[in-house]
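S.K.: Give me a 3D structure for the following:
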Amino acid sequence: MELDDVVPEPQYVTRQARTIPAPPSVVWEELHRLRMTALPVSLLLSAARFLPVLLAGKGRGMSANRPFVELVPIPVLSSEPPSSVVFGGVLQAWRVAGGDQPPALDADGVRAWAEPGWVKVGMDFRLTPGDGGTTLSSETRVRAMDAATRRRFAAYWLVVGPGSTAIRWELLTAVEVRAGARTRDRPAA
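M.R.: Next comes the predicted model:
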């Protein structure tokens, strides 16, 4: 599955990538094992963003002891180990308490979604093998469903976007450090 299958015409896109000197299987394992508690910047930024959500009685089960990929606020739509995981859904992220409960949608449902007052969000992690190891990349795509929502989201993204990018860079760096260490510590064959 590709992000084009979920959000083909985004209005907002962020991309980050890091080449890690490790095979895809090791990078995949570390991506899926990495807990939020190992990411201090991400933990702080996420706590600040989700405190109002928790105070509103939402977000139960959002433990920082869980792996990062389990805490992404949109569901996994496709997982193809060890090459890609794609998330997608609809949100009202700019609302202080997180907005209405989004419907459960598959990729076709997200792609077809057109209800005003929501944004469609797609995010992925891709692992591409190469000579220098594995390139771990992440892309996030967002599309607002109407002009008023686009204005609201634009104001929200102005504040939250840099933090979202920082979270992704911290995650990619942590995976690089852990996967690289595992590869260096392997006995020679």
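S.K.: so residue 142 is in which element?
M.R.: strand 133-144 (DSSP states H and E).
S.K.: what's the angle from the helix or strand just after that strand to strand 133-144?
M.R.: For strand 133-144, the succeeding helix or strand toward the C-terminus, using DSSP H and E, is helix 147-184. On the basis of axes from the mean of the first three to the mean of the last three CA atoms, to 10 degrees, helix 147-184 is oriented at 170 degrees to strand 133-144.
S.K.: coming back round to it: partner strands of the strand holding residue 142 and their direction?
M.R.: Looking at strand 133-144 with DSSP bridges, its partner strands are strand 12-20 (antiparallel), strand 119-130 (antiparallel).
S.K.: can you redo the ones you listed as a markdown table with mean pLDDT, distance to residue 2 and mean neighbour count?
M.R.: Yep, even glycine has a C-beta here, placed from its N, CA and C like the rest. Shown next, in a markdown table, are the strands paired with strand 133-144 (pLDDT from 0 to 100; distance: least, CB to CB, whole Å; neighbours: other CB atoms under 10 Å):
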| stretch | mean pLDDT | distance to residue 2 | mean neighbour count |
| --- | --- | --- | --- |
| strand 12-20 | 95 | 14 | 16 |
| strand 119-130 | 96 | 8 | 21 |
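S.K.: Would you mind confirming that residue 83 is in contact with residue 127?
M.R.: Yes. The pair residue 83 / residue 127 is scored as a contact, 5.3 Å apart, by CB atoms under 8 Å.
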